[in-house]
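J.: Next comes the sequence, and after it the predicted model I'd like to discuss.
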There are 2 protein chains.
Amino acid sequence: MPKKVDHAARREEIVQAALRLCARDGLAGVTIGQVAQEAGVSKGLVQHYFAGKADLLRASAQILREEIERHVREAVRDARGPADTLRRVLFAIVELGVTAVVPLLAGHAFLSMAVADPEIRALYRAGGDAVHREITALLAASGAAPDVDPGAEAHALLGLARGLADGVLLGEFGVDDAAAIVDHHLRRILPGVAAGPGTPSSPPVSE
Amino acid sequence: MPKKVDHAARREEIVQAALRLCARDGLAGVTIGQVAQEAGVSKGLVQHYFAGKADLLRASAQILREEIERHVREAVRDARGPADTLRRVLFAIVELGVTAVVPLLAGHAFLSMAVADPEIRALYRAGGDAVHREITALLAASGAAPDVDPGAEAHALLGLARGLADGVLLGEFGVDDAAAIVDHHLRRILPGVAAGPGTPSSPPVSE
DNA sequence: TTTTTGACGATACGAACGTATTGTGATTTC
DNA sequence: GAAATCACAATACGTTCGTATCGTCAAAAA
């Protein structure tokens, strides 16, 4: 039998190349040949690991989701209490505009596919719902003001964070401006919870 | 001399076909041939009106922006006072998720192009900045609470609206839920301004 | 009426696409 | 050590892309 390789790892290498291309040139720039070149392998190898282009894109969307999830989960790792966790989650999402431009851009490119492809759409929905549930729970555990409905407020916060991430991505404002906006809203929702001691982001940079 | 036709109108017809394809299949599905077929004209005619594919895409992004701007401007037409206008602007943006799925999806597809193509990027920035200025002005004129910075709050509201539009687009919640969220935030920002008498959207639908 | 001009269609062509096919080593099992 | 197996490269093939070119017809100007 032949050399034993980590099938999943090899697939991920190729997918990462695909995501890079997707962020640089859009979904249109993702071709088997380009992906192979970007990954530094032969075109044949891409075929060896993926049944076809659709398979490649499907896997890319999947890993894209995991990538963002990992990013958020990492930002939350050593958070103190639900309020701090919530803050870090939202910051992490906003920071995608600069920290993880590739996944974010690729995500946008995939969004149009999500409408046509039910499998990718399900992936989007699952991801969004998971974050929403998480934020709802954090909100409920953070001692929110009595007039806030955790479910609705979670939709608001998630929407706000996503919208701000796009603003950061397009350079309309900086991460720190976005972070300040998030903090401002959190302070309104969570009375008595001051801004967390450690800002996960880098020191302020003038726009 | 030959038959005189409205050059701009013919270009727009073709662009509309391109945008439809873009929303249905993503940017990858926009080919000269497909656009021609969708528009019901020959491939040669598309060439006749556009110097090349890049020209077509550029024009599409331009018209896309005008389309959304028209949509918002129409929603604002018979608004009463700055607070009501602001509310209608935000509602219009949120409603893009159902009313103008084509422009919204196409916009997402173009977003990745905006990073690479400086011309399209400038278009995005100009559009975003214009809306931001508008919202800032409306906010200042609406008698906002003393602790709100109109500029920052405008970024927040615009971000919120954009994020909610995506949520609506993906079916995470309904337009009415999103509208309620917007209203809730507006009430906090603009004390003393009750919800406008006429909700532009349809009656509540359970998710 | 003749000429001219541009709208528009049909076709041609090279490049690049996705995929199918084949070939070649290296490595593990027997 | 022979045989089987899989990672991986190379090539070939049919399709579709964007674009260039040519042809045609109608209408305005002469």
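T.: Cool, got the structure. Values in this document were obtained by computation on a predicted structure and should not be read as measured data.

J.: Only C-alpha atoms from now on, for both contacts and neighbour counts.
T.: Noted.

J.: Which residue comes closest to the spatially most central residue of chain A once chain neighbours are left out?
T.: The centroid of chain A falls nearest to A:Ile68 when counting by Cα atoms, centre = their mean (3.3 Å). Spatially, and ignoring its direct neighbours in sequence, A:Ile68 is nearest to A:Pro103 (7.0 Å; Cα to Cα, 6 or more residues apart in numbering or on different chains).

J.: Please name the residues that touch that neighbour.
T.: A:Leu19, A:Ala23, A:Leu64, A:Glu67, A:Ile68, A:Leu96 (Cα atoms under 8 Å, 6 or more residues apart in numbering or on different chains).

J.: how about a cut-off of 10 Å?
T.: With contacts defined as Cα atoms under 10 Å, 6 or more residues apart in numbering or on different chains, A:Pro103 is in contact with A:16, A:19-20, A:22-23, A:60-61, A:63-68, A:96-97, A:109.

J.: Just want the angle from the helix or strand harbouring it to helix B:101-116.
T.: In the assignment (DSSP states H and E), A:Pro103 maps to helix A:101-116. Per axes from the mean of the first three to the mean of the last three Cα atoms, to 10 degrees, the angle that helix A:101-116 makes with helix B:101-116 is 160 degrees.

J.: Wait, A:Ala180 touches A:Ala161, no?
T.: No: between A:Ala180 and A:Ala161 there is no contact under Cα atoms under 10 Å: 11.6 Å.

J.: can you pull out the helices in chain A?
T.: A:7-25, A:32-39, A:43-49, A:53-76, A:81-99, A:101-116, A:118-141, A:150-169, A:175-189 (DSSP state H).

J.: Quick check: mean pLDDT of the third one?
T.: Helix A:43-49 shows a mean pLDDT of 97 in the predicted model.

J.: What residues of that helix count as buried?
T.: A:Lys43, A:Val46, A:Tyr49 (16 or more other Cα atoms under 10 Å in any protein chain shown).

J.: between those residues, which is nearest B:Ala8?
T.: The shortest gap between B:Ala8 and any of the buried residues of helix A:43-49 belongs to A:Lys43, at 43.6 Å (Cα to Cα).

J.: pLDDT below threshold where in chain A?
T.: A:1, A:192-207 (pLDDT under 70).

J.: Give me every residue in it lying close to DNA strand C.
T.: A:1-4, A:29-34, A:43-44, A:47, A:52-54 (Cα under 7 Å from any atom of the strand).

J.: Check these and tell me the two furthest apart.
T.: A:Met1 and A:Gly29 (36.8 Å).

J.: Look at those two and report which has more neighbours.
T.: Taking neighbours as other Cα atoms under 10 Å in any protein chain shown, A:Met1 and A:Gly29 compare with A:Gly29 leading, 15 against 3.

J.: ok, that one - contacts?
T.: Neighbours of A:Gly29 in contact, by Cα under 10 Å, 6+ apart: A:Ala18, A:Leu21, A:Cys22, A:Ala23, A:Val35, B:Ala28.

J.: got it, and A:Asp117?
T.: A:Arg58, A:Phe110, A:Leu111, B:Asp25.

J.: I figured the second one hits A:Ser60, correct?
T.: Yes: in this structure A:Phe110 lies within contact range of A:Ser60 using Cα under 10 Å: 9.4 Å.

J.: Identify the contacts common to the two.
T.: With Cα under 10 Å, 6+ apart as the test, A:Phe110 and A:Ser60 both reach A:Cys22.

J.: Distance from stretch A:100-114 to the middle of the chain?
T.: Remark: stretch A:100-114 is offset 9 Å from the chain centroid, using Cα atoms, centre = their mean, to the nearest Å.

J.: what's the closest of the buried residues of helix A:43-49 to DNA strand D?
T.: A:Lys43 (6.1 Å; Cα to the nearest atom of the strand).

J.: Distance check, the residue lying closest to that closest one once chain neighbours are set aside against B:Gly128.
T.: Residue nearest to A:Lys43 in three dimensions, not counting chain neighbours: A:Ala36, with 5.2 Å by Cα to Cα, 6+ apart. Applying Cα to Cα, to the nearest Å, the value for A:Ala36 to B:Gly128 is 37 Å.

J.: same deal with A:Leu90?
T.: 22 Å.

J.: So the two - more neighbours on which side?
T.: Under the criterion of other Cα under 10 Å, the comparison of A:Leu90 against B:Gly128 puts A:Leu90 first, with 24 against 18.

J.: List the residues that contact the closest residue in space to the more buried one that isn't next to it in sequence.
T.: On the basis of Cα to Cα, 6+ apart, the spatially nearest residue to A:Leu90 that is not a chain neighbour turns out to be A:Ala161, at 5.9 Å. By Cα under 10 Å, 6+ apart, the contact set of A:Ala161 is A:89-96, A:155, A:167, A:178-179, A:181-182, B:156, B:159-160, B:162-163.
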